[in-house]
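Colleague: Take a look and give me a structure for this.
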Amino acid sequence: MVFITLVAILVLLVLRVAGIARMVIRTTDRYDPPVMAGQPLACGAGFYARTGDRIFVTVSSHCYPAGSTQLFDDARLLGTLGRRPALADCPKGRECYASDFTELILEPDLLPWGHLDLVDLGAGGYRTLTSATPPLRCDEIHVGDRVETDGRTLYREGTVLQVGPYDFEDDAIFPCMVITDIEAGVGDSGASVLINGHPAGIAAREFGQYLGFTPVAEAMELLGDEICTDPDCELVPPASP
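Modeller: Numbering: from 1, shown residues only. You can find the predicted model right below:
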């Protein structure tokens, strides 16, 4: 009986280690410059997108105050923060946003031309965005949908538990917040969230132990932005020096 118990414990430990390995061990190479979408950027980076010929990556609004700049650890300029998808219809004294992200306009030499349609999910591999996988609107996200993210470089999968408005007196108002059964932690904010291969949203809040995200489709429409679904985001890359 003792032997059987020990074997059962050993099997559980092996399964636990295998599960952790699946979350953190990469099986794909990084590009140079690397794909930032999906990877940590102080908090996390979401998706590459553009307005006209200006390319940016989405980052968490509550990690990067509007109007500031973000630096690498070696003090090299990463980019300049741009707009947030603020909603005009908002109660007095409150802040309202279509989604919890800010545009981070990257320095030109940090753009991974040829790979702007990718999201790097670390141990989960790369996801390629195409015109056939447009970003999802709030009403296109449903309870039970399969969700994946790589916030904190921990690849996790789960399902949607709840979809609805978010309005607390001590926080910003979001017309749509999606709660998942993915375990959340400090540092997840800003990370890309995908549903069945579609850009779904930006990791935004923690509900108990669960990850909540705000959809991006409506916010992109509000700002006139487009998520990159082409390797060069339908632009002509600069000539090599």
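Colleague: Spatially central residue for this protein, please.
Modeller: Central residue of the chain (CA atoms, centre = their mean): Ser192, 1.5 Å from the mean position.
Colleague: That one and Ala239, how far apart?
Modeller: 30 Å (CB to CB, to the nearest Å). (C-beta placed from N, C-alpha, C; glycine too.)
Colleague: Which helix or strand contains Phe221?
Modeller: One correction, residue 221 is Glu, not Phe. Here Glu221, judged by DSSP states H and E, is contained in helix 217-223.
Colleague: average pLDDT for that helix?
Modeller: Helix 217-223 carries an average pLDDT of 98.
Colleague: And it, how far out from the chain middle?
Modeller: Put simply, helix 217-223 sits 15 Å off its chain's centre (CA atoms, centre = their mean, to the nearest Å).
Colleague: Repeat that for stretch 151-171.
Modeller: With CA atoms, centre = their mean as the basis, stretch 151-171 stands 11 Å off its chain's centre.
Colleague: Buried ones in that stretch, by neighbour count?
Modeller: 151-158, 160-161, 163, 166 (16 or more other CB atoms under 10 Å).
Colleague: Out of those, which comes closest to Leu77?
Modeller: Closest to Leu77 out of these is Thr153 (23.4 Å), distances taken as CB to CB.
Colleague: Not counting sequence-adjacent ones, nearest residue to that closest one?
Modeller: Once flanking residues are discounted, Thr153 sits nearest to Gly122: 5.1 Å by CB to CB, 6 or more residues apart in numbering.
Colleague: With Gly79 instead?
Modeller: Per CB to CB, 6+ apart, closest to Gly79 is Leu106, 4.2 Å.
Colleague: re earlier: not counting its own residues, what contacts the helix holding Glu221?
Modeller: If you take CB atoms under 8 Å, 6 or more residues apart in numbering as the criterion, helix 217-223 is touched by 49, 51, 83, 85, 87, 97-99, 101, 103, 134-138, 140, 175-176, 199, 225-227.
Colleague: and Pro91, what does it touch?
Modeller: Contacts of Pro91 (CB under 8 Å, 6+ apart): Ile173.
Colleague: Leu121 against Glu148, yeah?
Modeller: Yes - counting by CB atoms under 8 Å, Leu121 sits close enough to Glu148 to count as a contact (6.5 Å).
Colleague: count of neighbours near Ala200?
Modeller: Applying other CB atoms under 10 Å, we find 28 residues neighbouring Ala200.
Colleague: roughly how far apart are it and Ile105?
Modeller: Note on Ala200: its distance to Ile105, by CB to CB, is 23 Å.
Colleague: swap in Trp113?
Modeller: 16 Å.
Colleague: now Val147
Modeller: Taking CB to CB as the measure, Val147 falls 28 Å from Ile105.
Colleague: cool, and Thr229?
Modeller: 19 Å.
Colleague: which of these two has more neighbours?
Modeller: In this view Thr229 and Ile105 are compared by other CB under 10 Å, and Thr229 has more residues nearby, 21 against 18.
Colleague: part of a helix, is the more buried one?
Modeller: No - going by DSSP: H, G, I helix; E, B strand; the rest coil, the assignment for Thr229 is coil, not a helix.
Colleague: show me the contacts for it.
Modeller: Thr229 sits next to 117, 129-131, 133-134 when contact means CB under 8 Å, 6+ apart.
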